[in-house]
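Asks: okay, sequence plus prediction incoming.
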Amino acid sequence: MPTMIPRRRREEWLLTLPTFFWLTLFFIIPTVIVLAIAFKPAAPHGGFGEGWTLRTLMELGNPNYPAIVFRTLWISAVATALCILIALPVGYCLARASRKWRQFLMLLVVIPFWTNFLIRIFAWKQVLHPEGILKKTLVALHLVAPDATLLYNAGAVMLVMVYTYLPFAILPIYAAAEKFDFSLLEAAQDLGSSRLGAFYRIFIPGIRRGLLTATLMVLIPALGAYVIPDIVGGPTSEMIGNKIAQRTFVDRNLPHASALTGLLLVTVLVVTGGLYVLVRMRKIPRALGRSLAATGTGNLTTTAENTAPVTPESIADLVAEEEKNKEENAEEDAT
Amino acid sequence: MRKLIPIVIIAIIAIIVFSSGKSETQKILRIYNWADYVSDDVIKKFETEYHCQVVIDTFDSNEAMLAKLKAGATGYDIVVPTEYTVNVMIDDGMLIKLDPAKIPNLKNIDTDYAKLMRDGKMEYSVPYMVSVTGIGYNPEKVPDFTPSWSIFLNESYKGRMTLLNDMRETLGAALKSLNFSINTTNDAELEEAKNLVICYKKNIAKFDVDEAKRGLVTGEFFVVHGYNGDLQQIIEEAPNIKFAIPEEGTSMAIDCMVIPVGAKNVDLAHAFINFIHEPENCAATMEEVCYASPNTEAVKLLPEEFRQNEAVFPKKELIAKCELIEDLGDDNAKYTKAWDQIKSAE
């Protein structure tokens, strides 16, 4: 039979083999082990017992969980949305900046990585310290009450999350924006679109792959966050990650920790899959573009649409068409 | 670039060869201990006397330590669990039986304390330090302080207080203030304690173990639930901080040195236990970590001022109100459940 497989196919298989082996050994097998432990009975002093059970899965019906899952979802979703909202203009400016400026700005984005992640979170504790300069300034400006606390609440968790994950949103958006043909924006403006309208209707749909990557790069680690809510979160900002840590270290209930990990994995898969399908159907960028255009530059663009025979949407369609063709070509090349 | 690669490879091999060569001549004693719980001078003295290197890893709760060992962490020669966890480890066959002939300094151990332990004959464990939990506070910010757990119900310090992120200690504080046993398995009593902790929770900034005490110095927190020695260490740096043991009583813990199964240097570990209980070494450690060791000879060597410090050596009548935390086996689940409800309560 092997002789039946075309040579190119075989080479491809051989080439993917090391990656496949690596992923199996260090990703698939550990994940399966973790999930399998969820079906083992818990031993009273840690570890797990003999045999198999479904009891742990039933225990996921714990009435305390929905609140934690909901909190994890909304904190992650808001943090992701904020990251994208900040990263979009930053990525756009980076791609349009001159070479010299671009290098300088990129350096500013990347420099925080030179410092350890934990140290940066601890630095935030100093910034938000109740006796710190920021707090004192805010109190002096009558923006917060003197006894308000900036730390140890969901807001602090979100702030530090946005700060930590922002580069992960900027980099893919920048990478996509760099490949974007900015003359399309000029064309849209020639056709009567406003600058902002062109940004929302042409630029955003044009970089939607980068947007998807950026969303996933922020959302997935945010859903599994543990250190940030542990350090800057308060008694009511516990997330799934903290619960998994508690089950592992304090309760020594490995099966339960595994079951929760499974729950987190399913959440991530559902969210990722959902986003992917939505973007594939091109619903997100256009819906986003439309709603933003309606709020921000609605009047201008609608008048533009009325007068211009070619609308910015038609360019967006053209861009999408072109990209789709490119993808198809690429897929053909690959096979 | 290409020329660099072989140089880097040679350098890596050289490092591996030299470092492994080093470990053959010099033994490494690996200790798994609580943070800030040894005297660096005493450790250095041990290293020079026994021509070895001491490596210390730290944990912040017995449960975390046990979870790590159960998950397969090996290679520790000495572990310093609290007495109730020692019993779990003995029952699970995780400890090596000690050879008393190699630890002549066992004679210095105060039998009054040893009697409190299930392993009172010190077959598997040797007491290291005794601690009690209490409240560290800043008297400038909390002028109306009274030594009672009820401080956590005081709304004027809302957001400026912390409780230990430890279910037995924090539920224990609530149980004590309700005049119940710290080791209760009575559902109604636990329910009452749980509701009390939920009331405490509304006023605290967070559940924490190691960071809160530093927040006391920087002015971040005014009232911190913590271990006496930890807070005493802070007081040495910032004398404006005070420590008090609540009048309702509190939990007392005896941390012990044990040798886990799988230890690589059993003889060296015995030597270390003996070395620590050498009166002068033990006294030096006590002064550094600010905990009391049940070593009668060592206590005699301490300066009068230190021996009078009630945060380190609490009054006898307060000790009478303290209880040792016990391992509750299957009933631990009751505490876990209550703790879950506390954590998720709004």
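Replies: Thanks, I have it. Keep in mind the model is a prediction, meaning the values are calculated, not measured.
Asks: in whichever strand in chain B runs longest, which residues are buried?
Replies: Ranked by residue count under DSSP state E, the longest strand found in chain B is strand B:125-137. Applying a neighbour-count criterion of 16 or more other CB atoms under 10 Å in any protein chain shown, one finds B:125-137 buried in strand B:125-137. For the C-beta atoms, the positions are set from N, CA and C on the backbone; glycine is no exception.
Asks: now whichever residue of the stretch 201-335 of chain A sits closest to chain B: closest residue in space, sequence neighbours ignored.
Replies: Closest residue of the stretch 201-335 of chain A to chain B, CB to the nearest CB: residue A:249 (4.1 Å). Nearest residue to residue A:249, sequence neighbours excluded (CB to CB, 6 or more residues apart in numbering or on different chains): residue B:64, at 4.1 Å.
Asks: pLDDT at the one you found, what is it?
Replies: For residue B:64, the model assigns a pLDDT of 85.
Asks: pull the contacting residues for residue 244.
Replies: Unless you meant another one, I'm taking chain A. Contact analysis of residue A:244 by CB atoms under 8 Å, 6 or more residues apart in numbering or on different chains lists A:226, A:257, A:260, A:261, A:264.
Asks: the intended chain is chain B.
Replies: Taking CB under 8 Å, 6+ apart, we find residue B:244 in contact with B:134, B:135, B:137, B:145, B:147, B:311.
Asks: the second one and residue B:241 touch, don't they?
Replies: No: with contact taken as CB atoms under 8 Å, residue B:135 and residue B:241 are classed as non-touching, separated by 10.8 Å.
Asks: and the stretch 201-346 of chain B, which of its residues are near chain A?
Replies: Listed as neighbours of chain A in the stretch 201-346 of chain B under the rule CB under 8 Å from any CB of the partner chain: B:201, B:204-207, B:211, B:218-220, B:329-330, B:332, B:336, B:339-341, B:343-344, B:346.
Asks: give me the buried entries from those.
Replies: Buried members of those, counted by 16+ other CB under 10 Å: B:201, B:204-207, B:211, B:219-220, B:332, B:336, B:339-341, B:343-344.
Asks: quick check: closest non-adjacent residue to residue 37.
Replies: Went with chain A since none was named. Using CB to CB, 6+ apart and skipping residues adjacent in sequence, the residue nearest residue A:37 is residue A:258, 4.1 Å away.
Asks: the chain in question should be chain B.
Replies: Of all residues not flanking residue B:37 in the chain, residue B:289 sits nearest, at 5.7 Å (CB to CB, 6+ apart).
Asks: residue A:123 and chain B, how far apart?
Replies: 14 Å (CB to the nearest CB, to the nearest Å).
Asks: can you classify that residue by secondary structure?
Replies: helix (DSSP: H, G, I helix; E, B strand; the rest coil).
Asks: now stretch B:125-143, how far from the centre of its chain.
Replies: Centroid separation for stretch B:125-143 versus its chain: 11 Å, with CA atoms, centre = their mean, to the nearest Å.
Asks: is it positioned near chain A?
Replies: No: using CB under 8 Å from any CB, stretch B:125-143 stays clear of chain A, coming no nearer than 10.6 Å.
Asks: pLDDT (mean, whole number) over that stretch?
Replies: Mean per-residue pLDDT for stretch B:125-143: 95.
Asks: same deal with stretch A:106-125?
Replies: For stretch A:106-125, the mean per-residue pLDDT is 91.
Asks: with stretch B:46-58 instead?
Replies: 95.
Asks: outline the domain layout of chain B.
Replies: Domains of chain B are assigned by automatic domain parsing as B:23-129+B:253-307, B:131-252+B:313-344.
Asks: which stretch among the ones you listed comes nearest residue A:62?
Replies: Nearest of those to residue A:62, taken as CB to CB: domain B:131-252+B:313-344 at 7.1 Å.
Asks: which regions of the stretch 1-150 of chain A lie under the pLDDT threshold?
Replies: Scanning the stretch 1-150 of chain A for pLDDT under 70 picks out the ranges A:1-5.
Asks: that one against chain B: which residues are in contact?
Replies: A:44-47, A:62, A:64-65, A:67-68, A:129-131, A:147, A:149.
Asks: could you identify the most distant pair in the residues you listed?
Replies: For those, the maximum inter-member distance is 46.2 Å, found between A:47 and A:147 (CB to CB).
Asks: between these two, which one's more packed in?
Replies: Between residue A:47 and residue A:147, counted using other CB atoms under 10 Å in any protein chain shown, the more crowded position is residue A:47 (20 against 12).
Asks: ok, and the closest non-adjacent residue to the more buried one?
Replies: Distance criterion CB to CB, 6+ apart; nearest residue to residue A:47, sequence neighbours excluded, is residue B:70 at 4.8 Å.
Asks: distance of residue A:85 from residue A:170?
Replies: 12 Å (CB to CB, to the nearest Å).
Asks: higher neighbour count, these two?
Replies: residue A:170 (25 against 11).
Asks: nearest to residue A:273, of the domains of chain B?
Replies: Smallest distance to residue A:273 across the domains of chain B (CB to CB): 28.4 Å, for domain B:131-252+B:313-344.
Asks: centre of the chain to that closest one, how far?
Replies: Averaged C-alpha coordinates place domain B:131-252+B:313-344 at 15 Å from its chain's average position (CA atoms, centre = their mean).
Asks: now stretch A:152-164
Replies: Relative to the chain's own centre, stretch A:152-164 is displaced by 15 Å; criterion: CA atoms, centre = their mean.
Asks: hey, C-alpha coordinates of that stretch in CSV?
Replies: What follows is stretch A:152-164, C-alpha atoms only, in CSV (Å, rounded to 0.1, in the frame of the first residue of the first chain):
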residue,chain,number,x,y,z
TYR,A,152,-8.5,43.5,45.6
ASN,A,153,-11.6,43.7,43.4
ALA,A,154,-12.7,42.6,39.9
GLY,A,155,-11.7,46.0,38.4
ALA,A,156,-8.1,45.5,39.6
VAL,A,157,-8.1,42.0,38.1
MET,A,158,-9.3,43.3,34.8
LEU,A,159,-6.9,46.2,34.7
VAL,A,160,-3.9,44.0,35.3
MET,A,161,-5.2,41.5,32.8
VAL,A,162,-5.5,44.1,30.1
TYR,A,163,-2.0,45.4,30.9
THR,A,164,-0.5,41.9,30.8
